[in-house]
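Colleague: The sequence isn't on hand, but the structure is:
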């Protein structure tokens, strides 16, 4: 009888596995991980940019907002909302001096007689120009439940890193981020040369690097921070 019962269980298990294989396994997005803290709604104001990196606040704010918006049972408000259970403060920081933030020499291009850019430098001897730059920033995220003006002021101050976990401070984490972008180096000897739009092209590549940093922050926030709750 025991062998017969075991055989029935084995057959049932085999059929179940077969059905899963036919229908396919579809992972379901985890439910609101902040529910256990009594948080069902979060407001996400524009992150505060204290760094010297321009235009970085928007991509980082958007990337983290979209991660939170994926969780069922969690309402996410863009901007401050007094009806939300909690607020997520984001602070972007960097070193104070450009030479400590930007590294413009990670890749260089030599312009000489054999270069397509020779006409742009005239009779000057060959020299190196920077063709790729890198930069570094830090993103701090602070989640405050039932925020008051004191906690908000402290979260946005230089003392934010010293905020300790408490029933009110649910999260205080920091992430180092690095981005890089290449420089457009086309000849600009005439109005029809590609070099006329070197600045515009470089800015476009720089903006793409900000989107890439935003994706890196989103992956970290989803995989490391939210999964830890």
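Modeller: Sure thing, it's come through. In this text, all values refer to a predicted model and were calculated from it rather than measured experimentally.

Colleague: Please count neighbours and contacts with C-alpha atoms only from this point.
Modeller: Will do.

Colleague: Go ahead and confirm residue 67 touches residue 217.
Modeller: No - counting by Cα atoms under 8 Å, residue 67 stays clear of residue 217, with 10.0 Å between them.

Colleague: Counting neighbours around each, name which of these two comes out higher.
Modeller: Taking other Cα atoms under 10 Å, residue 67 and residue 217 do not tie; residue 217 has more neighbours (22 against 16).

Colleague: Give the other helices and strands that the helix or strand encompassing the more buried one contacts.
Modeller: Taking DSSP states H and E as the criterion, residue 217 maps to helix 198-220. The contact analysis (3 or more Cα pairs under 8 Å, 6 or more residues apart in numbering; DSSP states H and E) places helix 198-220 against helix 57-69, strand 169-182.

Colleague: could you check the angle helix 198-220 makes with the first one?
Modeller: When axes from the mean of the first three to the mean of the last three Cα atoms, to 10 degrees is applied, the directions of helix 57-69 and helix 198-220 differ by 30 degrees.

Colleague: Show me what whatever helix or strand comes next after helix 57-69 packs onto, helices and strands only.
Modeller: Where DSSP H and E defines the elements, the next helix or strand beyond helix 57-69 is strand 75-78. Here strand 75-78 touches strand 41-44, helix 57-69, going by 3+ Cα pairs under 8 Å, 6+ apart.

Colleague: how about the longest one: buried residues?
Modeller: Going by neighbour count (16 or more other Cα atoms under 10 Å), the buried part of helix 57-69 is 57-65, 67-68.

Colleague: thinking again about what came up before, only the buried residues of the helix holding residue 217, if you could.
Modeller: 198, 201-203, 205-218.
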